[in-house]
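Q: Structure of the sequence below:
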Amino acid sequence: MAPIGFLHSHLNFQGTTAVSFGSLSVVAHTQRDDLEKAERLNPSFHQSPLHLSWAYRLAGRYEDAFKQAKKGVDRNPNYLLTHLALTATCSLTGREAEACAAAVEVLRITPRFSVEQYRKDLYALFKDKSQIDFTIDAFHKAGLK
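A: Residues are numbered from 1 along each chain as shown. Prediction:
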């Protein structure tokens, strides 16, 4: 399935959230080379790695998701969503120590972070709830509550 069709099958576009439209703009390209080219053409867009990480994680490409999440944290060290992306991808790629360290950063940025509240927020975006549960399980493995 082309990435755009894949994204439409996973995201609920009834709302007008920045995450859904941001992710749509990133995965609107049909090939990985195009995704990477888009990032090279606009390297100043600090959220590009975050969106790429989500897109790769949804496609089951966890190593690519991990690389982009790391890049996102490097570009945006105090942005909650990049640390959440890193936490999930570290957990999904078997990097337990790094996942726990990323979870500590999540709590540094947002001391009262709630996995359950985040799950509810994501449920509003995604049609496929199993993708959310998969990510939430990764957060729990990293020690987030």
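Q: Which residue comes closest to residue 52 once chain neighbours are left out?
A: Spatially, and ignoring its direct neighbours in sequence, residue 52 is nearest to residue 68 (4.1 Å; C-beta to C-beta, 6 or more residues apart in numbering). (Each C-beta comes from the backbone N, C-alpha and C, glycine too.)
Q: what about the one you found, neighbour count?
A: The tally of other residues near residue 68 (other C-beta atoms under 10 Å) stands at 28.
Q: And the most far-flung residue of the chain relative to its centre, how far from residue 71?
A: Each residue of the chain has a distance to the centre, and by C-alpha atoms, centre = their mean the biggest one is for residue 41: 21.0 Å. Counting by C-beta to C-beta, to the nearest Å, the separation of residue 41 from residue 71 is 16 Å.
Q: quick one: low-confidence parts of the chain?
A: Where the chain drops to pLDDT under 70, the residues are 1-36, 38, 44.
Q: what's the helix or strand for the residue nearest the centre of the chain?
A: Centroid-nearest residue in the chain: residue 54, 3.3 Å away (criterion: C-alpha atoms, centre = their mean). Assigned by DSSP states H and E, residue 54 belongs to helix 48-58.
Q: for residue 113, same thing?
A: Applying DSSP H and E, one finds residue 113 in no helix or strand.
Q: Contacts only, for it.
A: 80, 106-107, 144 (C-beta atoms under 8 Å, 6 or more residues apart in numbering).
Q: Okay, and which of the residues you listed map to helices?
A: Among the contacts of residue 113, the ones falling in helices (DSSP state H) are 80, 106-107.
Q: From the residues you listed, pick the one nearest residue 90.
A: residue 106 (11.5 Å; C-beta to C-beta).
Q: which stretches of the chain form helices?
A: Going by DSSP H, the chain shows helices at 3-10, 18-27, 32-41, 48-58, 62-75, 80-92, 96-109, 115-123, 129-141.
Q: Quick check: residue 71 vs residue 99, distance?
A: 17 Å.
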